[in-house]
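Chemist: Fold the following and give me the result.
(one chain, ligands or ions: 1)
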Amino acid sequence: MKNILVTGGLGYIGSHTVVALQQAGFNVFIIDDLSNTIINVWEKITEITNIQPIFYNIDLKDYNAVSVFFQSHKIDGVIHFAAYKAVGESVTKPLMYYRNNLVGLINVLQAMEEHDANNFIFSSSCTVYGQADEMPIHENTPLKKPESPYGNTKKMGEEIIEDFVNATNKNAIALRYFNPVGSNINGTLGDLQPIPTNLVPYILQIAIGNKSKLNVFGNDYNTKDGTAIRDYIDVNDLADAHVKAIQRLLLNQNKTKIEYFNLGSGTGSTVLEIVQAFENANHIKIPFEIKPRRAGDIEQAYADYSLAQKELNWCPKTPLQKSMQTAWNFQKQLTEI
Ligand code: WQD
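Modeler: Coordinates of the predicted model:
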């Protein structure tokens with residue numbers, strides 16, 4: 001049984017990926033510093049799979065703690081989610097983001113080198129493309145300076161990993177997510193955003209009655225209804241892609257030492273279309289008000305995922321309506337705690 005370390009494994013995408021890895025027969029270790037999640041997620045994972053992953057509460061900025069972990073366990077692959085991810089916060093606290101996201105990454109890579117762990121999956125982001133000139137976005141679309149320090153930590157992270165694998169016998173895959181949405185089928189795992197910044201978590205706060213209306217940031221974009229377009233990809237489909245990616249490396253099927261794959265639905269949806277999709281899926285009215293554009297927002301982004309389809313044998317399966325339903329199920333279950 002192969003041992004996989006999932007950093008940030010109690011987080012939103014991380015926890016879904018831990019479940020998928022366990023169900024695929026992997027032995028999973030989790031490192032998480034609980035800065036953006038709660039310990040209860042560990043129990044929720046165990047309830048789903050009946051396998052309790054081994055969990056360590058470690059800050060990846062503490063190299064000695066990371067090194068001791070790798071000394072204690074033979075790790076066959078690492079899936080690295082652990083990072084701060086609030087775009088707006090990264091603008092006001094850039095050094096906190098650069099230190100946490102980059103020092104954490106570097107410490108994991110260094111420990112891998114010192115303890116002979118060879119396969120690395122990096123949680124990257126479509127934000128590395130900035131506002132791409134052409135749609136859909138494919139992996140050869142030129143990268144641009146990301147709109148935020150958060151996005152820059154993803155772009156710099158990819159560059160660090162590329163230099164690292166070229167100097168060692170390691171192999172890596174960077175997965176560039178578009179906009180993750182949804183929850184697991186029984187609604188027990190989800191995106192815990194105490195202060196919702198992303199669109200769907202904010203809509204959930206309105207649906208549950210904590211907020212009164214949605215501020216729609218701009219309706220003067222050059223799109224069908226004037227609101228910005230994103231590619232909303234279900235978290236369960238993202239988890240599936242991570243299992244396929246680590247299997248690819250473990251079987252030495254990668255064609256280059258670092259590979260990049262876009263993970264999106266391939267469909268662009270405007271903000272108002274997401275509101276409509278949520279309302280239709282859950283029969284709940286979401287009041288909204290048009291506000292000025294949000295600083296740093298791009299007009300549109302949606303993926304060409306054909307490379308992941310070809311090389312990872314992956315494709316998005318979950319319809320948007322289902323993602324809206326599972327997201328709502330999670331919010332309702334969360335409130336019942
Ligand atoms: C989506 C659209 C907003 C909130 C996210 C993550 C980032 C990365 C990419 C993974 C935009 C609009 C939002 C609201 C609104 N993911 N909106 N009212 O900015 O595309 O980035 O996905 O790495 O980490 O932040 O997502 O959900 O914040 O915004 O009108 O209250 O919804 O303007 O057009 P974004 P988002």
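Chemist: What strand or helix carries Phe55?
Modeler: strand 54-56 (DSSP states H and E).
Chemist: Now the element after that strand, going C-ward?
Modeler: With DSSP H and E, the next secondary element past strand 54-56 is helix 63-72.
Chemist: tell me how far whichever helix or strand comes after that following helix is from the chain's mean position?
Modeler: Later in the chain than helix 63-72, the nearest helix or strand by DSSP H and E is strand 77-80. Put simply, strand 77-80 sits 13 Å off its chain's centre (CA atoms, centre = their mean, to the nearest Å).
Chemist: Sheet-wise, list the partners of strand 77-80 with their directions.
Modeler: strand 3-7 (parallel), strand 119-125 (parallel) (DSSP bridges).
Chemist: Quick one: distance of the longest one to the chain centre.
Modeler: What separates the centre of strand 119-125 from the centre of its chain is 10 Å, taken as CA atoms, centre = their mean.
Chemist: what pLDDT, on average, does the next helix-or-strand element following that strand get?
Modeler: On the C-terminal side of strand 119-125, the closest following helix or strand by DSSP H and E is helix 149-167. For helix 149-167, mean pLDDT is 97.
Chemist: same for whichever helix or strand comes after helix 149-167, what does it pack against?
Modeler: Using DSSP H and E, the helix or strand that directly follows helix 149-167 along the chain is strand 171-177. On a contact count with 3 or more CB pairs under 8 Å, 6 or more residues apart in numbering; DSSP states H and E, strand 171-177 meets strand 119-125, helix 149-167, helix 235-250, strand 258-263. Placement of C-beta: from N, CA and C, glycine included.
Chemist: What residues are bridge-paired with Val216?
Modeler: Ile290.
Chemist: gap between it and Gly25?
Modeler: Distance of Val216 to Gly25, given as CB to CB, to the nearest Å: 44 Å.
Chemist: again with Asp33
Modeler: In terms of CB to CB, Asp33 sits 28 Å off from Gly25.
Chemist: These two: which is more packed in?
Modeler: Of the pair Asp33 and Gly25, Asp33 is the one with more neighbours under other CB atoms under 10 Å, namely 20 against 9.
Chemist: need the contact list for the nearest residue to Ser123 once chain neighbours are set aside.
Modeler: Distances taken as CB to CB, 6 or more residues apart in numbering place Phe81 nearest to Ser123, at 4.6 Å, with adjacent residues excluded. Residues in contact with Phe81 (CB atoms under 8 Å, 6 or more residues apart in numbering) are 6-9, 11, 13-14, 17, 123.
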